[in-house]
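Asks: quick one, structure for this:
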Amino acid sequence: MAKEAPPDAFGNSAREYELGRPQWPEELIDRVVADLDLGADSTVLDLGAGTGKLTRSLVPRFARVIAVEPDDEMRAVLDEVVPGAEALAGPAEAIPLPNDSVDAVFTAEAFHWYASEESVGEIVRVLRPRGGLAIFWNVDFGDPEPPMGDEVERVLDDAFAKGGAPGIGKVLSGFWREPIAKAPFEPLRQAEVERMVTRTRDQWLANMLSVSSIASLPDADREEVAQRLGELVPDVEYRWSIRTIAYWTRLG
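Replies: Predicted structure coming up:
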């Protein structure tokens, strides 16, 4: 079995995560919100919120947004950049909220790290009757334009071999569906969008350094990867497509 990157190393690259990770597509969020019958007076939870990449899109939509994130470094950035949310420390397996306290639980680029009967049981516990669960992932990144070259791919492949396979394999395996199917949820619905994004060299580099495989490397190895990529990648703007999928359901 191939080595997998650990789920708890993102704090090593919290600033890179904030700089490099893309925002979530507003039209996809709107579709999920409408289908879950959420309104401006709703209370929602962003679980495994990271630096608040999704949280910042929830704050303008809802009366109360709670963001739960176990990593202190990630949560410190979230506190700084999304002051309108209530940031709490805690894992998905022990959500620090009372029973029946939120209308929906959102999770973006995180559910595969904690998908289990225990965490889904916690989600069910904090949801109000007919409450919703919405899961977002970026599942496919097209090739950058202009191309970065084969040597960049080799550096990344070496880093992934050392740090372990990134989380996308866990997403695509579909294992995360099992605990949801065992819980009292309706069948999952899904939708996706594909969009073009433009990133500077520094944003792209930050994004790569925040990938679990590289974030989990020892400091010296991470710095070496950053230096080598910085030498190889020209300082221009890059464009590529991102395919984003949302899955959502609600309590039956």
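
Asks: just the helices in the stretch 1-150 of the chain please.
Replies: Taking DSSP state H, counting those that start in this stretch to define them, one finds helices in the stretch 1-150 of the chain at 14-20, 26-35, 55-58, 72-81, 111-114, 117-126, 150-163.

Asks: give me the buried positions along the second one.
Replies: Translated: helix 26-35. Buried positions in helix 26-35, judged by neighbour count with 16 or more other Cβ atoms under 10 Å: Leu28, Ile29, Arg31, Val32, Val33, Asp35. (Each C-beta comes from the backbone N, C-alpha and C, glycine too.)

Asks: reformat the helices of the stretch 1-150 of the chain as CSV; add mean pLDDT and distance to Ala206.
Replies: Output for the helices of the stretch 1-150 of the chain, formatted as CSV (pLDDT from 0 to 100; distance: least, Cβ to Cβ, whole Å):
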stretch, mean pLDDT, distance to Ala206
helix 14-20, 91, 3
helix 26-35, 98, 22
helix 55-58, 98, 17
helix 72-81, 96, 12
helix 111-114, 95, 20
helix 117-126, 98, 28
helix 150-163, 92, 14
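
Asks: out of the buried residues of helix 26-35, who's nearest Asn138?
Replies: Using Cβ to Cβ, Leu28 comes nearest to Asn138 of those, at 10.9 Å.

Asks: for the helices of the stretch 1-150 of the chain, which one sits closest to Asn138?
Replies: Here helix 26-35 is closest among the helices of the stretch 1-150 of the chain (Cβ to Cβ), at 10.9 Å.

Asks: mind giving me the packing neighbours of the closest one?
Replies: Judged by 3 or more Cβ pairs under 8 Å, 6 or more residues apart in numbering; DSSP states H and E, helix 26-35 is in contact with helix 55-58, strand 127-141, strand 189-199, strand 238-250.

Asks: give me the pLDDT for the residue nearest the centre of the chain.
Replies: With distances taken as Cα atoms, centre = their mean, Glu109 lies nearest the centre of the chain, 2.1 Å away. Model confidence at Glu109, given as pLDDT, is 95.

Asks: please report how far it lies from Val59.
Replies: According to Cβ to Cβ, to the nearest Å, Glu109 stands 18 Å off from Val59.

Asks: equivalent analysis for Glu145, please.
Replies: From Glu145 to Val59 the distance is 33 Å (Cβ to Cβ).

Asks: returning to that earlier point: what's the most buried one of the helices of the stretch 1-150 of the chain?
Replies: helix 55-58 (a mean of 24; mean count of other Cβ atoms under 10 Å).

Asks: low pLDDT regions in the protein?
Replies: Applying pLDDT under 70 to the chain flags residues 1-11.

Asks: recalculate using a threshold of 50.
Replies: 1 (pLDDT under 50).

Asks: same list (the buried residues of helix 26-35) but as a markdown table, adding distance to Ala104.
Replies: Formatted as a markdown table, these follow (distance: Cβ to Cβ, whole Å):
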| residue | distance to Ala104 |
| --- | --- |
| Leu28 | 15 |
| Ile29 | 11 |
| Arg31 | 14 |
| Val32 | 9 |
| Val33 | 8 |
| Asp35 | 11 |
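
Asks: which among those gets closest to Gly169?
Replies: Distances from Gly169 to the buried residues of helix 26-35, taken by Cβ to Cβ, are shortest for Leu28, at 22.6 Å.

Asks: ok, now which ones touch the closest one?
Replies: Phe136, Ala191, Glu192, Val193, Thr244, Ala246 (Cβ atoms under 8 Å, 6 or more residues apart in numbering).
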